[in-house]
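Asker: need coordinates for the following:
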Amino acid sequence: MEDQVPPFVPPSAGGTPPAGPPVPPPLSPPAGPPVLAPPRGLPLPGDPPGYPLGGPPVGFAAPPARAPHPRRTLGIVSGIVVLSLLLVAGGVWGAVSIVQHLGHATSNFRNAGDGPPVAGAPQSPLARDPLNCAADCFADFIATATVPPPSATRKLGLTDQTDAYGDYASSDAGGEYDSTLDNWTKQQGTPATCFFTYFQSPVAETLGARPRDDVSTIDYTGTYTDSDKVDTLGQSIRMFQNSDQAVAYLAQLAHHVDACDSYRSGTGADRVTTAVTPAPQLERLPASVAAIGWDESWAGGRYYTIDLQRGNLVVRTYLDVEDAAITESRFRDFVSAEAQQLAALRTPGSTS
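Answerer: Numbering: from 1, shown residues only. Purely as a prediction, here's the structure:
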């Protein structure tokens, strides 16, 4: 008996089309080569001629937040424990060595953290002969011109560079505020008037007043440390739209520095009190450069910060020092050289 073929009923009349071979999915276009970020040292598309370095690649993580101040008491207690074990074991010579090391370490901490700050004339947020510009005096590509020469950081004993310009994405005041607020909150910082001390870039916002509609650009240009990773120097820059905004920022920073004399931060046994004093005016400060800074001291070390302003550009330099290797005077000499370097930058359209 022959198979009966059912009559064809079109789908529009409710029929089901006969099953056929499976239809393969449409082919995807062939994948092209991966898009790689330009290597550091090469200009990005749109960079002006002579731009020595490609811009910071987008998407890189922000620099680590400022670490809480260490307490020398923890190191001393650890040393005492080791000393006791050595004495119990009969290691007299080892115990003597530990005692000598502890004496040297506590002496270094005392020299770094307990010495009087450098005295001098009060600082001013206004340059004697400022560089005025209604628009950009400097553009982003000037960033690499603010980086200190390697000989300058090596002279301080900072032989290792851990971060360089281009390692982090550009930021703005709002982003810096958010990360700094998170760190200040975790470290239980108080009082609010000293919140500005936790910014590692040129930002001086009041606690609870996140900046809005800020169009300035912030870049981290380098971090340097010694071979033992004890002392750290870092730099960052902020590019404002014009010189008036940069001057207003420095005046705001000076106001915050004058309003803060000490703060507490840290948790549990690591909670410390840090004294804050305004830094005196730099000697040999160029007439077109203004400087505002402050010094922090606690039982385990010192922390120095100085902001230099010229035109629409602000350069921040900080030093976190936990031994006596780098004195405040040496740090100030380093920043004074940076001020001379900043004053030597030429820009078209200035009125100074």
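
Asker: which residues of this structure fall in strands?
Answerer: In the chain, the strands defined using DSSP state E lie at 160-164, 217-225, 232-239, 262-265, 272-278, 290-298, 301-310, 313-321.

Asker: closest to residue 346 out of these?
Answerer: Residue 346 lies closest, by C-beta to C-beta, to one member of the strands of the chain: strand 301-310, at 11.4 Å. The way it works is simple: take the backbone N, C-alpha and C, and place the C-beta from them, glycine included.

Asker: tell me the strands beside that closest one, with direction?
Answerer: When pairing is defined by DSSP bridges, strand 301-310 lines up against strand 290-298 (antiparallel), strand 313-321 (antiparallel).

Asker: kindly reformat those as a markdown table containing mean pLDDT.
Answerer: Formatted as a markdown table, these follow (pLDDT from 0 to 100):
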| stretch | mean pLDDT |
| --- | --- |
| strand 290-298 | 96 |
| strand 313-321 | 96 |
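
Asker: columns distance to residue 339 and mean neighbour count on top of those, output as TSV?
Answerer: Formatted as TSV, those follow (distance: least, C-beta to C-beta, whole Å; neighbours: other C-beta atoms under 10 Å):
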stretch	distance to residue 339	mean neighbour count
strand 290-298	7	24
strand 313-321	9	24
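
Asker: what's the closest of those strands to residue 180?
Answerer: strand 313-321 (13.1 Å).

Asker: next, the angle strand 232-239 makes with that closest one.
Answerer: 170 degrees (axes from the mean of the first three to the mean of the last three C-alpha atoms, to 10 degrees).

Asker: angle of strand 313-321 against strand 217-225?
Answerer: Going by the same axes, to 10 degrees, strand 313-321 makes 30 degrees with strand 217-225.

Asker: okay, strand 313-321 in PDB with CA atoms only?
Answerer: Taking C-alpha atoms only, strand 313-321 is exported to PDB below (Å, rounded to 0.1, in the frame of the first residue of the first chain):
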ATOM      1  CA  LEU A 313      48.500  74.400  37.000                       C
ATOM      2  CA  VAL A 314      49.000  73.100  40.600                       C
ATOM      3  CA  VAL A 315      51.700  70.600  41.400                       C
ATOM      4  CA  ARG A 316      51.500  68.600  44.700                       C
ATOM      5  CA  THR A 317      54.500  66.900  46.300                       C
ATOM      6  CA  TYR A 318      54.200  64.900  49.500                       C
ATOM      7  CA  LEU A 319      56.800  63.000  51.500                       C
ATOM      8  CA  ASP A 320      55.900  60.300  54.000                       C
ATOM      9  CA  VAL A 321      59.100  59.800  56.100                       C
END
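
Asker: can you map out the helices along the protein?
Answerer: Secondary structure of the chain by DSSP state H: the helices cover 72-89, 92-113, 150-155, 173-186, 243-259, 328-343.

Asker: what's the angle between the fifth one and strand 301-310?
Answerer: With the same axes, to 10 degrees as the basis, helix 243-259 and strand 301-310 are set at 150 degrees to each other.

Asker: before we move on, the earlier item: from the strands of the chain, which stretch is densest packed?
Answerer: Comparing the strands of the chain by mean neighbour count (mean count of other C-beta atoms under 10 Å), strand 301-310 comes out on top with a mean of 26.

Asker: for the closest residue to residue 312 other than its chain neighbours, give me its contacts.
Answerer: Excluding its sequence neighbours, the residue lying closest to residue 312 (C-beta to C-beta, 6 or more residues apart in numbering) is residue 240, at 4.4 Å. Residue 240 makes contact with 216, 246, 249, 312-314 under the criterion C-beta atoms under 8 Å, 6 or more residues apart in numbering.
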